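S.K.: structure here, sequence nowhere to be found:
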């Protein structure tokens, strides 16, 4: 099934069930008023939401037109947002940009940071930028939403706790990251609010594209209305999304509604080297930092600037028939 949260003037919005083709919705208030309320009682609410989804598909209930611009992130705020590092190719490239080696442990033990989750950006909200020197970057990712996850869960068992999937634009301020990491205490100011796709879907909606707890489809990233990234989320994933959930739950329970991100989707080229731009026949990149690193390797310095006021990013994913699965994140950078 497909679920969304519509803006209604409240912090947490209104939970709705969305048709498979993303054209219609039916309010789910009689089942759960918000996405978080549904997740808190998932064993009870999920069957009811699935029944409503079937009714929406069969046009057996009154529906209204679904407009992605009216949607909030599926969870407008969450008790937990942690972002991992499923795609080591991205980690390798970005750390090279900082003259930092990749420890061998990174290939067995994923990176993860705990981000701010008290207020996410809606998928059509602008990206606020206080200073272009902060180095604003987009990062196209996959994320899961869990139910209650017990501490110490195995990766195998963690898979059963993945209830919904969505896309992410994990905004990063690259110019602030080195100084923060040098303090030895992790990200904070360099990781402002992220935005998620208009729609969250259950894993069964992905059919054969959901294998090994990874989505085997290209992540579509357009930058300033030009193709920028087409990396396949099912390729070059060192860790699965279930691995990342298990990692997050190693020393703590995860509450229902925990959001765990994949990290930037990133592919190597066919020869095993850094990926090539889409304009050169490659799969491109899901963030600007990667192309800057490749430019540095080739030319000694980067030539692609980070985002500034007026720049736009679009993140989406289509099924095998070319139909949008999650709707699209579409954002413009604005000066604040």
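M.R.: Nice, thanks for sending it over. Since this is a predicted model, take the numbers as computed values, not measurements.

S.K.: can you list contacts of the worst-scoring helix or strand of the chain on mean pLDDT?
M.R.: Taking mean pLDDT, DSSP states H and E as the measure, the chain has helix 88-97 as its least confident helix or strand, at a mean of 74. For helix 88-97, contacts defined as Cβ atoms under 8 Å, 6 or more residues apart in numbering pick out 85, 101-102, 106-107, 111, 236, 238, 263-268, 274-275, 286-287, 289-290, 292-294, 296-297. For the C-beta atoms, the positions are set from N, CA and C on the backbone; glycine is no exception.

S.K.: of those residues, just the buried ones, ChimeraX syntax please.
M.R.: Selecting in ChimeraX just the buried members of the contacts of helix 88-97, where the criterion is 16 or more other Cβ atoms under 10 Å, is done with this command:
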select :85,106,111,236,238,263,264,265,266,267,268,274,275,286,287,289,290,292,293,294
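
S.K.: so residue 220 sits right up against residue 313, yeah?
M.R.: No - using Cβ atoms under 8 Å as the test, residue 220 is too far from residue 313 to be in contact (11.1 Å).

S.K.: higher neighbour count, the two?
M.R.: Each of residue 220 and residue 313 had its neighbours counted (other Cβ atoms under 10 Å), and the higher figure belongs to residue 313 (28 against 21).

S.K.: quick one: contacts for the residue lying closest to residue 243 once chain neighbours are set aside?
M.R.: The shortest distance from residue 243 to any non-neighbouring residue, by Cβ to Cβ, 6 or more residues apart in numbering, is to residue 155 (4.8 Å). Contacts here follow Cβ under 8 Å, 6+ apart; on that basis residue 155 touches 213, 240, 242-243, 245-246.

S.K.: how many other residues sit next to residue 271?
M.R.: Burial measure for residue 271: 7 neighbouring residues, criterion other Cβ under 10 Å.

S.K.: quick check: which element contains it?
M.R.: Residue 271 is part of no helix or strand when elements are defined by DSSP states H and E.

S.K.: same check, this time on residue 45
M.R.: Element membership of residue 45, judged by DSSP H and E, is helix 42-57.

S.K.: for the residue nearest to residue 243, give its distance to residue 327.
M.R.: When Cβ to Cβ, to the nearest Å is applied, the distance between residue 155 and residue 327 equals 29 Å.

S.K.: cool, and residue 66?
M.R.: With distances defined as Cβ to Cβ, the gap from residue 66 to residue 327 amounts to 9 Å.

S.K.: residues near the nearest residue to residue 162 once chain neighbours are set aside, how many?
M.R.: Excluding its sequence neighbours, the residue lying closest to residue 162 (Cβ to Cβ, 6+ apart) is residue 144, at 4.6 Å. Other residues within reach of residue 144 by the criterion other Cβ under 10 Å amount to 24.

S.K.: could you look up the SS state of residue 144?
M.R.: The assignment at residue 144 comes out as strand when based on DSSP: H, G, I helix; E, B strand; the rest coil.

S.K.: what is it paired to in the beta sheet?
M.R.: Under DSSP bridges, the beta-bridge partners of residue 144 are residue 165, residue 260.

S.K.: which pLDDT value goes with it?
M.R.: What the model reports for residue 144 is a pLDDT of 98.

S.K.: residue 106 now?
M.R.: We note a pLDDT of 75 for residue 106 in this prediction.

S.K.: what's the answer for residue 212, then?
M.R.: Predicted confidence (pLDDT) for residue 212: 97.

S.K.: next one: residue 254
M.R.: For residue 254, the model assigns a pLDDT of 98.

S.K.: what's the neighbour count on the residue lying closest to it once chain neighbours are set aside?
M.R.: The shortest distance from residue 254 to any residue that is not its chain neighbour, by Cβ to Cβ, 6+ apart, is 3.8 Å, and that residue is residue 149. Look at residue 149: counted by other Cβ under 10 Å, it has 24 neighbours.
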